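# Predicted structure and sequence below. I'll ask about it afterward.
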Amino acid sequence: MQNFFKLKENNTTVKTEVLAGITTFMTMAYILAVNPDILSAAGMDKGAVFTATALAAVVGTLVMALLARLPFALAPGMGLNAFFAFSVCLGMGHDWQFALTAVFLEGIIFILLTAFNIREMIVNAIPTNIKHAISVGIGLFIAFIGLKNAGIIISNQATMVALGDITDITGNAGAVIALIALVATGVLLALRVKGALLIGILIGTVLGIPFGVTHLPQSFEMTPPSLSPIFMQFEWTSILSMDMLLVVFTFLFVDMFDTVGTLIGVCSKANMLDEEGRVPRVKQALFADALGTTFGAILGTSTVTTYVESAAGVAEGGKTGLTALTTALLFALALFFSPIFLMIPGAATAPALILVGAMMMTPIKNISLDDYTESIPVFLTIIMMPLAFSIAEGIVFGMLSYVLLKVLTGKTKDISPIMYVLAVLFVISFFI
């Protein structure tokens with residue numbers, strides 16, 4: 001492991017990497033419960049989707065660990081699964097087999113785009129200031145997710161969002177528990193205790209037991225549910241339809257920029273970008289995403305993407321593929337101990353997300369804010385991610401405004417040809 005993952009070269013240890021991998025898993029294990037719930041709304045077998053979700057995460061993350069050797073984990077993406085179930089199936093009236101076929105086609109296209117370095121060219125074309133802004137925006141985005149999951153921030157008809165009742169230990173116990181765990185985790189971080197985020201998650205889980213926030217498993221069934229109801233259930237009769245083209249394009253668009261944004265943002269935070277602001281071994285990392293999506297569709301789940309929660313493991317010191325390998329092994333283990341892993345409530349993982357969000361703010365000090373053609377796109381990138389609840393939308397607004405401002409002020413030398421192409425595609429995407 002020392003030689004393969006180059007631990008000494010990256011100034012890390014096996015213990016640090018394993019702990020980081022556990023932390024990443026703990027902050028994204030919720031997908032094992034949430035994804036089956038969402039896709040079952042489209043008529044899919046819930047138990048089978050659980051198994052597909054875990055296996056897709058294992059495969060995608062293993063490719064990231066062993067091929068790209070980066071500390072990122074993959075699983076079926078939030079947002080993309082909602083589009084799958086509520087837009088394609090319930091909204092457009094297609095069956096889930098149609099949607100799975102679109103995901104499979106997306107994965108094949110991504111493999112081709114990655115093989116011919118098109119996705120890598122897109123990543124490298126993004127300006128350095130925007131790359132740093134993506135990290136900051138993702139920080140705000142995941143902190144907002146944590147606050148929302150805990151009930152600290154709630155929806156409000158008059159003001160869109162509002163502060164939840166953080167003093168109601170009976171009606172909103174999750175928020176109170178999350179705040180206690182947040183303070184405890186913050187103290188541990190300040191004291192530089194190793195594994196602070198993971199300890200905080202455990203504190204929140206234990207605190208949630210007497211208040212009914214943490215639900216202890218009723219049984220300990222060790223056999224994973226069968227994949228047979230959803231395995232390779234494709235529908236080829238509609239692959240040339242306009243609806244299929246629209247759905248595949250949407251999956252492509254959102255997945256590409258969610259993944260690109262996560263890779264750039266987390267690498268920026270971890271100081272892993274090279275002198276030219278490039279993600280190391282980005283082609284291999286993008287292959288992990290493409291292969292994970294293709295394999296996931298075969299198993300019977302929605303698009304697989306790199307998870308922003310990987311930032312939690314990076315914050316714990318994860319720097320190599322050993323972090324991802326640990327996460328992959330835990331997803332495999334979760335197949336057999338799902339009742340235990342699924343009892344961890346959102347209130348317990350929320351403090352980790354909130355504090356990682358704070359940590360990801362640090363690249364803002366590297367951003368040049370004196371030039372308005374740089375600072376305005378940076379601001380839009382950062383603010384649109386939490387407000388639009390989408391990493392991809394933040395990137396769209398940031399990059400499109402970057403091109404427009406540079407062109408209109410005569411600073412076209414700052415724009416690469418690929419940025420022009422992306423800007424045109426972004427504009428088109430608003431109208432389809």
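Structure's in. What do you need? Numbers count the residues shown, from 1 in each chain.

# What strand or helix carries the nearest residue to residue 131 once chain neighbours are set aside?
Spatial nearest neighbour of residue 131, excluding adjacent residues (CB to CB, 6 or more residues apart in numbering): residue 264 at 4.7 Å. The C-beta positions use only the backbone N, C-alpha and C, and glycine is treated the same way. Residue 264 belongs to helix 242-269 when assigned by DSSP states H and E.

# what mean pLDDT does that helix have?
Taken as a whole, helix 242-269 has a mean pLDDT of 78.

# so residue 328 touches residue 56, yeah?
No - counting by CB atoms under 8 Å, residue 328 does not reach residue 56; the two are 11.0 Å apart.

# The two: which is more packed in?
Each of residue 328 and residue 56 has its neighbours counted (other CB atoms under 10 Å); residue 56 has more, 29 against 25.

# pretty sure the more buried one belongs to a helix, no?
Yes - the assignment for residue 56 by DSSP: H, G, I helix; E, B strand; the rest coil puts it in a helix.

# ok, which stretches of the stretch 301-432 of the chain are helices?
With DSSP state H, counting those that start in this stretch as the criterion, the stretch 301-432 of the chain has helices at 310-315, 321-334, 338-341, 346-359, 372-388, 391-408, 417-429.

# now the fifth one, how far from the chain's geometric center?
When you say that, I think you mean helix 372-388. 19 Å (CA atoms, centre = their mean, to the nearest Å).

# do the same with stretch 169-179
With CA atoms, centre = their mean, you get 26 Å for stretch 169-179.

# do stretch 3-22 as well
Mean-position distance between stretch 3-22 and its chain equals 22 Å (CA atoms, centre = their mean).

# which residues are contacting that stretch?
1-2, 69, 71, 73, 194-195, 198, 313-314, 316-327, 329-330 (CB atoms under 8 Å, 6 or more residues apart in numbering).

# Show the average pLDDT along that stretch.
91.

# Quick check: buried residues in that stretch?
By 16 or more other CB atoms under 10 Å, the buried positions in stretch 3-22 come out as 5, 7, 10, 12, 16, 17, 18, 19, 20, 21, 22.

# From start to finish, how long is that stretch in a straight line?
22 Å (CA to CA, to the nearest Å).

# Next: stretch 215-230.
End-to-end for stretch 215-230, by CA to CA: 29 Å.

# Could you do stretch 265-273 as well?
First-to-last residue span, stretch 265-273, CA to CA: 10 Å.

# Sketch out the low-pLDDT regions of this protein for me.
79, 432 (pLDDT under 70).

# Contacts only, for the residue nearest to residue 131.
123, 126, 131, 134, 135, 273, 279.

# will you turn those residues into JSON lines that also has secondary structure?
Formatted as JSON lines, those follow (three-state DSSP):
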{"residue": "123", "secondary structure": "helix"}
{"residue": "126", "secondary structure": "coil"}
{"residue": "131", "secondary structure": "helix"}
{"residue": "134", "secondary structure": "helix"}
{"residue": "135", "secondary structure": "helix"}
{"residue": "273", "secondary structure": "coil"}
{"residue": "279", "secondary structure": "coil"}
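
# circling back to that earlier point, just want the angle from the helix holding residue 264 to helix 346-359.
Calculated by axes from the mean of the first three to the mean of the last three CA atoms, to 10 degrees, helix 242-269 forms an angle of 60 degrees with helix 346-359.

# Going by neighbour count, which residues in helix 242-269 are buried?
Buried-residue list, helix 242-269, by 16+ other CB under 10 Å: 244, 247-269.

# Report the distance from it to the chain centre.
How far helix 242-269 lies from its chain's middle: 11 Å, per CA atoms, centre = their mean.

# cool, and stretch 108-128?
Distance of stretch 108-128 from the chain centroid (CA atoms, centre = their mean) equals 18 Å.

# contacting residues around it?
By CB under 8 Å, 6+ apart, stretch 108-128 touches 134, 248, 252, 255-256, 260, 263-264, 276-279, 282-283, 286-287, 289-291, 293-294, 374, 399, 402, 414, 416, 418-419, 422.

# first to last residue in it, what's the distance?
With CA to CA as the measure, the first residue of stretch 108-128 is 30 Å from its last.

# List the buried residues in that stretch.
109-111, 113-114, 119-120, 122-128.

# residues contacting residue 421?
Contacts of residue 421 by CB under 8 Å, 6+ apart: none found.

# er, residue 385 actually
Contacts of residue 385 by CB under 8 Å, 6+ apart are 137, 138, 140, 141, 391, 393, 394.

# Where do the strands of the stretch 151-300 of the chain begin and end?
153-156, 160-163 (DSSP state E, counting those that start in this stretch).

# Cheers, nothing more for now.
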